[in-house]
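Enquirer: Take this sequence and fold it.
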Amino acid sequence: MYFPHRYRTLNGRKGRNDGIPIKYEYVDVKENKLYNLKTDPSETKNIINEFPEIAKKIIVLADNKRKEIGDDLTNVVGLENREIGMID
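Expert: Prediction:
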């Protein structure tokens, strides 16, 4: 499952071999997406509407983890984080 986020890609283009980087393209994933990697390893068919209960379970699991450890993309501060350098 993918959640909304932004990522950069070369979109199939090859990089250069002289050490100078080429420009990335940015892609915005604007909605949740669900793929069956067993039957669709290239992630070409979003099946989230075909399996709403599975999607709902994954979303609940993800939301619980966000509450636990935080998530910069959704501006959630984790409740179980500790200060930097502190070990429980």
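Enquirer: Retrieve the pLDDT associated with the residue of the chain positioned farthest from its centre.
Expert: In the chain, counting by Cα atoms, centre = their mean, D18 sits farthest out from the average C-alpha position, at 31.3 Å. You'll see D18 listed with a pLDDT of 90.
Enquirer: Who are the contact partners of it?
Expert: Residues in contact with D18 (Cβ atoms under 8 Å, 6 or more residues apart in numbering): none are found. C-betas here are computed from N, CA, C, even on glycine.
Enquirer: Tell me the buried residues in stretch 41-56?
Expert: By 16 or more other Cβ atoms under 10 Å, the buried positions in stretch 41-56 come out as I48, A55.
Enquirer: starting at the chain centroid, how far to it?
Expert: 14 Å (Cα atoms, centre = their mean, to the nearest Å).
Enquirer: what residues does that stretch touch?
Expert: With Cβ under 8 Å, 6+ apart as the criterion, stretch 41-56 contacts M1, N32, K33, L34, Y35, N36, L37, D40.
Enquirer: hmm, try it at 7 Å
Expert: The contact list for stretch 41-56 (Cβ atoms under 7 Å, 6 or more residues apart in numbering) reads M1, N32, K33, L34, Y35, N36.
Enquirer: Spatially, which two of the residues you listed are the most separated?
Expert: By the measure Cβ to Cβ, N32 and N36 form the most distant pair in the contacts of stretch 41-56, at 14.7 Å.
Enquirer: low-scoring pLDDT stretches of the chain, where are they?
Expert: Residue ranges of the chain with pLDDT under 70: 86, 88.
Enquirer: how about the helices of it, start to end?
Expert: Remark: helices assigned in the chain by DSSP state H are 52-69.
Enquirer: quick one: contacts for the closest residue to N81 other than its chain neighbours?
Expert: Take N81 and drop its neighbours on the chain: the residue closest to it by Cβ to Cβ, 6 or more residues apart in numbering is G70, 6.1 Å away. G70 makes contacts with V76, V77, G78, N81, as judged by Cβ under 7 Å, 6+ apart.
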